[in-house]
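1. Pasted the sequence and its predicted model underneath.
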Amino acid sequence: MTIRIPFNKPSIVGSELIYVGQAVAGGHASGDGPFTKRAEAMLEEHFDANRVLLTTSGTSALELAAFLCDLRPGNEVIVPSYTFVSTANAFVLRGARPVFVDIRPDTLNIDERLIEQAITPRTRAIFPVHYGGVGCEMDAIMDIANRHGLFVVEDAAHSLCARYKDRWLGTIGHLGCYSFHETKNVSCGEGGALVVNDPALESRAEILREKGTNRSQFMRGEIDKYSWVDVGSSYVLSDMLAAFLVGQIENMDKITRRRGEIFDLYSAMLAPLVERGLIRIPVVPQHCATSYHMFYILTGDTEERTALIAHLRASGILAVFHYVPLHSSPFAQSLGTPQTNLPMTDELSTRLLRLPMYFDLADWAVEEVASAVLDFYQPGAIAQSAGNANTNYLRRKASRIARKGAASGGIGAAAQPVDASGAS
Ligand SMILES: Cc1ncc(COP(=O)(O)O)c(C=O)c1O
């Protein structure tokens, strides 16, 4: 079956291609050119951030952050196991060891109530991850970090334009890391940004990002030549990619709004399944504003998720699961990471399924995906959901499914019935 509705698709939302042309024509295609400065200034202004430095990826922003925390062999870093490998690799590269902490059952973010008991004399930093663009409990995390003298590096790869209380995610910890990978809300293919919230880290951040040299100072005319002054690497984004990014940053509110509409449409259409306890959808606490990075559902169990993926694929829809917990990976085990008891991580990671989500995803496609999910669980639910989402498309689809159901027992008749108690 060919995929008609992909999981993700990069979009042009504004003047990206014009700006790329200007970057090339302007003769500055390498890093730290005019578009890099423009993108950094726009992000600093919008998020009221002390300093933003574009990087080649979210991964390299995290690596820079680990450098800046001066992490070394023998140090421990507290991190959720339910995250992308880059969150941990960043400090494992410096010789520090991950100490995995379980996630909250509601937001799937690190459970701040479990952090303090994981702290040892070797602990040096906490790397919280705002999963799906919903904020971790940052007040509690910052309080713990301040009392124990720890760095906080926010992995805000999913969280551009998301808020925790009155603050933007990525600007709360000592350092924050954004990703502009093609799968993210705002993208330039591959890219990222380090947000340096602690001014004391600013000048070293510039140096580490520029191969350990003071070239940034030289470019500002503050010194007459630049030289090797520290360790470092090449983390500077090409100005051609920064140009593309400026076109996206100019439209980031529009992007977030559209993703919010998609999120709301999925939520409305799938409400009957949630009400019956068959699935769960993302929880956004009152005090958080999400970036709507993803729309996921939690199925009853892994077998149900596998069957649903196959059912969607048979309808030409690509839905994917997410992280395999890091603590269960062969590499984490080879590091001698203490055997960890992470029941929420183990359970929820096997039930989570991400539905297609991207700026250009049309309403009809969202409705088709949601209809296919409803259809998997219970053919009759589509009629009920049509009332919720109030669209003609749904009503037509509902009556078509009802006709088909009457004739054949329904497309979803072969699906396994789900024990509602399996869904939390
Ligand atoms: C939570 C998290 N952190 C970091 C990254 C790495 O970002 P990048 O792909 O830009 O290196 C990702 C990528 O998907 C991610 O999901």
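-> Ah, there it is. Residues are numbered from 1 along each chain as shown.

2. okay, now the domains of this structure?
-> 16-251, 253-319+356-422 (automatic domain parsing).

3. Let me know which of these is tucked in deepest.
-> With neighbours taken as mean count of other Cβ atoms under 10 Å, these reach their highest mean count in domain 16-251, at a mean of 21. C-beta: built from backbone N, CA, C; applies to glycine.

4. Distance from the chain centre to it, please.
-> With Cα atoms, centre = their mean, to the nearest Å as the basis, domain 16-251 stands 13 Å off its chain's centre.

5. residue in this protein nearest to the ligand?
-> In the chain, the residue that lies nearest the ligand is Gly58 (2.7 Å; Cβ to the nearest ligand atom).

6. tell me the contacts of that residue?
-> Ser86, Asp155, Ala157, Cys177, Tyr178, Ser179, Phe180, His181, Lys184, Gly192 (Cβ atoms under 8 Å, 6 or more residues apart in numbering).

7. possible to save the domains of the chain as JSON lines with distance to Phe331 and mean pLDDT?
-> Converted to JSON lines, those look like this (distance: least, Cβ to Cβ, whole Å; pLDDT from 0 to 100):
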{"stretch": "domain 16-251", "distance to Phe331": "8", "mean pLDDT": "97"}
{"stretch": "domain 253-319+356-422", "distance to Phe331": "23", "mean pLDDT": "78"}
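
8. Next to the ligand in this structure, residues from this structure, please.
-> 57-59, 83-84, 86-87, 129, 155, 157-158, 179, 181, 192 (Cβ under 6 Å from any ligand atom).

9. Grab the nearest non-local neighbour of the residue of the chain closest to the ligand.
-> Ser179 (2.8 Å; Cβ to Cβ, 6 or more residues apart in numbering).

10. for Ala156, same thing?
-> Gly170 (3.7 Å).

11. wait, isn't that neighbour in contact with Asp155?
-> No: counting by Cβ atoms under 8 Å, Gly170 does not reach Asp155; the two are 9.1 Å apart.

12. Against which helices or strands is whichever strand or helix holds Phe218 packed?
-> Per DSSP states H and E: Phe218 is located in helix 215-219. Helices and strands touching helix 215-219, by 3 or more Cβ pairs under 8 Å, 6 or more residues apart in numbering; DSSP states H and E, are helix 202-209.

13. before we move on, the earlier item: of the residues of the chain next to the ligand, which belong to helices?
-> The members of the residues of the chain next to the ligand that map onto helices under DSSP state H are Gly58, Thr59, Ser86, Thr87.

14. check contacts around the third one.
-> Spelled out, that is Ser86. So Ser86 contacts Gly58, Thr59, Leu62, Ala157 (Cβ under 8 Å, 6+ apart).

15. One more: the second one?
-> Under the criterion of Cβ under 8 Å, 6+ apart, the contact partners of Thr59 comprise Ser86, Asn89, Ala90, Ser179, Gly192.

16. from those, which is closest to Ile279?
-> Ser179 (27.5 Å; Cβ to Cβ).

17. List the contacts of the longest helix seen in the chain.
-> Longest helix in the chain by number of residues (criterion: DSSP H): helix 252-275. Applying Cβ under 8 Å, 6+ apart, the contact partners of helix 252-275 are 13, 46, 160-161, 185-186, 248, 279-282, 290-293, 295, 297, 355, 357, 359, 361, 363, 366-367, 369-371, 373-374, 377-378, 381, 384-385, 388-389, 394.

18. Recalculate using a threshold of 7 Å.
-> 13, 160-161, 185-186, 279-281, 291-292, 295, 297, 355, 357, 359, 361, 363, 366-367, 370, 373-374, 377, 381, 384-385, 388-389 (Cβ atoms under 7 Å, 6 or more residues apart in numbering).

19. Surely Arg124 is in contact with Arg72?
-> No: using Cβ atoms under 7 Å, Arg124 makes no contact with Arg72, being 8.3 Å away.

20. which residues are common contacts for those two?
-> In contact with both Arg124 and Arg72: Ala96, using Cβ under 7 Å, 6+ apart.

21. For Ser233, see how far away the residue nearest to Tyr292 when sequence neighbours are not counted is.
-> Leaving aside its chain neighbours, Tyr292 sits nearest to Arg259 (3.7 Å; criterion: Cβ to Cβ, 6+ apart). Separation of Arg259 from Ser233 (Cβ to Cβ, to the nearest Å): 33 Å.

22. same deal with His181?
-> Applying Cβ to Cβ to His181 and Ser233 gives a distance of 19 Å.

23. Same question for Arg51.
-> Distance from Arg51 to Ser233, by Cβ to Cβ: 19 Å.

24. returning to that earlier point: using CSV, lay out the contacts of Gly58 together with distance to Ile317.
-> Formatted as CSV, the contacts of Gly58 follow (distance: Cβ to Cβ, whole Å):
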residue, distance to Ile317
Ser86, 28
Asp155, 29
Ala157, 25
Cys177, 31
Tyr178, 29
Ser179, 25
Phe180, 26
His181, 22
Lys184, 21
Gly192, 29
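
25. Among those residues, name the ones in strands.
-> Asp155, Cys177, Tyr178, Ser179, Gly192 (DSSP state E).

26. I'd say the first one and Ala88 touch.
-> No: with contact defined as Cβ under 7 Å, Asp155 does not reach Ala88; the gap is 9.9 Å.
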